[in-house]
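K.L.:
could you work out the structure for the sequence below:
(chains A and B)
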Amino acid sequence: SAVISQKPSRDICQRGTSLTIQCQVDSQVTMMFWYRQQPGQSLTLIATANQGSEATYESGFVIDKFPISRPNLTFSTLTVSNMSPEDSSIYLCSVEGSRVISLDTQYFGPGTRLTVL
Amino acid sequence: GESVGLHLPTLSVQEGDNSIINCAYSNSASDYFIWYKQESGKGPQFIIDIRSNMDKRQGQRVTVLLNKTVKHLSLQIAATQPGDSAVYFCAENHPFYFGTGTSLTVIP
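P.N.:
As a prediction, the model looks like this:
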């Protein structure tokens, strides 16, 4: 499986500010995904980010609030803009599986725990 | 996205017993399913997957059963150990839509 790292691992931010979360993968992947997991809840897909194209957002998530960059095949960023306490969540990066095992499988990073005051 | 839900939010089992975690899904066209394990403070970890052309798949101490007729998925853990304590999610298709999650507690 791919090794996925995220920075920062956690942060406490003031409302109205923005935070950019980085996701680094140790191998080249075409598809990367960003999820949100609110406290005690399941994971919700925010968007799919393919290298070389604009991210595709799920219903309820918009680019102005969660801009995503995908500059190459091993890196992506998610920005949480103009934060409010409701944005307090764990944000998880995920990548597709390998061609050896299965492209359908997804692997997850450790997550970024965000608290907005 | 698709609706994927779990029957029970919590499950407690004695160490050494078998555990069964259930999951219902709503999209009859879903053709790929995964079970994930999430320990506190960590990202979800892949456990086992199954495609819709199969009814059963076995791994090490884990078995996934798929009943397409009633759109039901289950994860069986044999000889449950304290290290199995975690939240378990089923997810369907790609990219994945996740169910509610079941918190498994293993009692020593």
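K.L.:
does anything pack onto the lowest-mean-pLDDT helix or strand in chain A? Which helices or strands?
P.N.:
Ranked by mean pLDDT, DSSP states H and E, the helix or strand of chain A with the weakest confidence is strand A:106-108, at a mean of 88. In this structure, strand A:106-108 packs against strand A:89-96, strand B:45-51, with contacts taken as 3 or more CB pairs under 8 Å, 6 or more residues apart in numbering or on different chains; DSSP states H and E. Placement of C-beta: from N, CA and C, glycine included.
K.L.:
out of those, deepest packed?
P.N.:
strand A:89-96 (a mean of 24; mean count of other CB atoms under 10 Å in any protein chain shown).
K.L.:
please tell me how far the closest residue to chain B within chain A sits from A:Tyr35.
P.N.:
Nearest residue of chain A to chain B (CB to the nearest CB) works out as A:Phe108 at 3.6 Å. Distance of A:Phe108 to A:Tyr35, computed by CB to CB, to the nearest Å: 8 Å.
K.L.:
joint contacts of the two?
P.N.:
A:Leu92, A:Cys93, A:Ser94 (CB atoms under 8 Å, 6 or more residues apart in numbering or on different chains).
K.L.:
who in chain B is up against chain A?
P.N.:
B:1, B:32, B:34, B:36, B:41-46, B:49, B:89, B:91, B:94-101 (CB under 8 Å from any CB of the partner chain).
K.L.:
count of neighbours near the residue lying closest to B:Ile48 once chain neighbours are set aside?
P.N.:
In space, B:Ile48 comes closest to B:Gly59 once its chain neighbours are excluded; the distance is 4.6 Å by CB to CB, 6 or more residues apart in numbering or on different chains. If you count neighbours by other CB atoms under 10 Å in any protein chain shown, B:Gly59 ends up with 12.
K.L.:
where does the prediction get shaky in chain A?
P.N.:
Counting by pLDDT under 70, chain A has low-confidence residues at A:1, A:98-104.
K.L.:
again with chain B
P.N.:
B:1-8, B:94.
K.L.:
again, only this time at 90
P.N.:
B:1-9, B:25-32, B:41, B:92-100 (pLDDT under 90).
K.L.:
what residues are up against the residue in chain B that chain A sits nearest to?
P.N.:
Residue nearest to chain A within chain B: B:Gly43 (3.6 Å; CB to the nearest CB). By CB under 8 Å, 6+ apart, the contact list for B:Gly43 reads A:Ile4, A:Leu92, A:Phe108, A:Gly109, A:Pro110, A:Gly111.
K.L.:
show me what the third one is bridged to.
P.N.:
Counting by DSSP bridges, A:Phe108 is bridged to A:Ser94.
K.L.:
strands of the chain, start to end?
P.N.:
As the question left the chain open, I've gone with chain A. A:4-7, A:10-13, A:19-25, A:31-37, A:43-50, A:56-57, A:68-72, A:75-80, A:89-96, A:106-108, A:112-116 (DSSP state E).
K.L.:
um, chain B though
P.N.:
Counting by DSSP E, the strands of chain B are B:4-6, B:10-14, B:19-25, B:32-38, B:45-51, B:56-58, B:62-67, B:72-77, B:86-92, B:97-98, B:102-107.
K.L.:
the shortest one pairs with which strands?
P.N.:
In its sheet, strand B:97-98 lies beside strand B:86-92 (antiparallel), with partners assigned from DSSP bridges.
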